[in-house]
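Trainee: Build me a structure from this.
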Amino acid sequence: MTQFFSKQLRILLATNSLILVSVAMLGPIYALFVKKVGGDLLDASYAFAAFALAAGFTTLVSGRYSDKIKESELIVVLGYLIMGTGFFAYIFVDSIKTLLLVQILIGLGEAIYAPAFDSVYSKHLNGHRSGYQWGAWESINYFTSALGAVLGGYVAIKLGFETMFFFMSILCSVSAIYILLLPRKVL
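Mentor: Purely as a prediction, here's the structure:
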């Protein structure tokens, strides 16, 4: 694998995998959580719409600024930390109103990190293997979705939603801290 992926790409794939697992942990059981806080399927739709709108608008701004900042990996760190904070905030969601606010926060975090991540990842691609290297990220997205879906359901059933949200937050924080502590020349 080292012959096809630089150290930088391996780090980005590994840290982003933790983010993708955390996101996937909630996906399949999201409607159950919304019901638990007093919502219904329409409320789940509104909450996802709030996430998507916040992410959509913020992505445009974030992408523009990530091109202007010398150390884009620090923007990735910020996005990961915001997402981790949002996942932790799920523990305190007790109404649809607070759910919408948390969804917006997570949408902001994802939108802040995604363009910067893509920029940093692209910077380390090997031109002759870029299709394979982007394909690796795409496949990891699916593999982590499968792992996260099963893990999230298991943790929610055995230990509760609060434990699952805490675990999701930890995964994001570990990724952010790891990237933050890397010597700046590595990424």
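Trainee: for the record, mean pLDDT for the lengthiest helix in the chain?
Mentor: Longest helix in the chain by number of residues (criterion: DSSP state H): helix 130-159. What helix 130-159 shows for mean pLDDT is 94.
Trainee: now that helix, how far from the centre of its chain.
Mentor: 11 Å (Cα atoms, centre = their mean, to the nearest Å).
Trainee: which regions of this protein sit below the pLDDT cut-off?
Mentor: 1-2 (pLDDT under 70).
Trainee: Helices of that one, residue ranges please.
Mentor: 7-26, 30-36, 41-66, 72-89, 96-123, 130-159, 161-181.
Trainee: could you give the angle of the fourth one to helix 7-26?
Mentor: Okay, so that is helix 72-89. Using axes from the mean of the first three to the mean of the last three Cα atoms, to 10 degrees, the inter-axis angle of helix 72-89 relative to helix 7-26 is 20 degrees.
Trainee: returning to what we had before: relative to L187, which of the helices of the chain is closest?
Mentor: helix 72-89 (4.3 Å; Cβ to Cβ). For the C-beta atoms, the positions are set from N, CA and C on the backbone; glycine is no exception.
Trainee: which of the residues in the closest one are buried?
Mentor: 72-89 (16 or more other Cβ atoms under 10 Å).
Trainee: likewise stretch 87-100?
Mentor: Within stretch 87-100, judged by 16+ other Cβ under 10 Å, the buried ones are 87-91, 93, 96, 99-100.
Trainee: Out of these, the closest to A49 would be?
Mentor: L100 (9.2 Å).
Trainee: now the closest one, nearest residue through space, not along the chain?
Mentor: Closest residue to L100 apart from its sequence neighbours, by Cβ to Cβ, 6 or more residues apart in numbering: A50 at 4.8 Å.
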